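[1] Predicted model and sequence follow; I will ask about them next.
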Amino acid sequence: MERDLRTAGAHTGSVTAYDAAGNLRTVSLSFTIRVTAQGLKNALVDGIARGWVPNASFQSTLLSQIQAVVDVANKPGNTAFVRLHSFISSVNGATAAQLSPAFKTLLLSWANDLATRL
């Protein structure tokens, strides 16, 4: 189960294995991904390191926008929400040359999840 490629929300994973006696056992785990502002920034930094945001100028734009969200995320008012929507707008408008399509989908999932709680 690739942990870095999970969208926000509920997920279930299972593992099946045989023990030394040959008994088959399956274990399932359910979990929910809830994104924080800092977690979204960390994911963006990781995506940049993996080459999923190849355009340097766009990297700078996204990093600046998400840092602006992190800076006010735990403060009263709707400033974080407004700033997050600027980030979402930039991601939505990104071309494939600026942002890999799969990572774009993940960033939008995570950012929209965060927006529901700001």
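    Yes, it's here.

[2] what about the chain, any weak spots by pLDDT?
    1-5, 7, 9 (pLDDT under 70).

[3] ranges for the strands of it?
    Here the chain has its strands, by DSSP state E, at 9-18, 24-33.

[4] And those: which comes nearest A97?
    strand 24-33 (28.1 Å; CB to CB). Glycine gets a C-beta too; all of them are placed from N, C-alpha and C.

[5] is it possible to export the strands of the chain to a markdown table including mean neighbour count and distance to A102?
    Output for those, formatted as a markdown table (neighbours: other CB atoms under 10 Å; distance: least, CB to CB, whole Å):
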| stretch | mean neighbour count | distance to A102 |
| --- | --- | --- |
| strand 9-18 | 10 | 17 |
| strand 24-33 | 10 | 16 |
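
[6] so which of these comes closest to L108?
    Nearest of the strands of the chain (CB to CB): strand 9-18, 12.7 Å.

[7] Tabulate the strands of the chain in TSV, adding columns for distance to G47.
    Output for the strands of the chain, formatted as TSV (distance: least, CB to CB, whole Å):
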stretch	distance to G47
strand 9-18	19
strand 24-33	16
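
[8] and of those, who's closest to L99?
    Taking those one by one with CB to CB, strand 24-33 is closest: 20.1 Å.

[9] Can I get the closest one in PDB, CA atoms only?
    Provided in PDB are the C-alpha atoms of strand 24-33 (Å, rounded to 0.1, in the frame of the first residue of the first chain):
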ATOM      1  CA  LEU A  24      -3.700 -18.500   6.500                       C
ATOM      2  CA  ARG A  25      -4.500 -15.200   8.200                       C
ATOM      3  CA  THR A  26      -5.900 -11.900   6.800                       C
ATOM      4  CA  VAL A  27      -5.800  -8.700   8.700                       C
ATOM      5  CA  SER A  28      -7.600  -5.600   7.600                       C
ATOM      6  CA  LEU A  29      -7.000  -2.000   8.700                       C
ATOM      7  CA  SER A  30      -9.200   0.900   8.200                       C
ATOM      8  CA  PHE A  31      -7.900   4.400   8.400                       C
ATOM      9  CA  THR A  32      -8.900   8.000   7.500                       C
ATOM     10  CA  ILE A  33      -6.500  10.500   6.000                       C
END
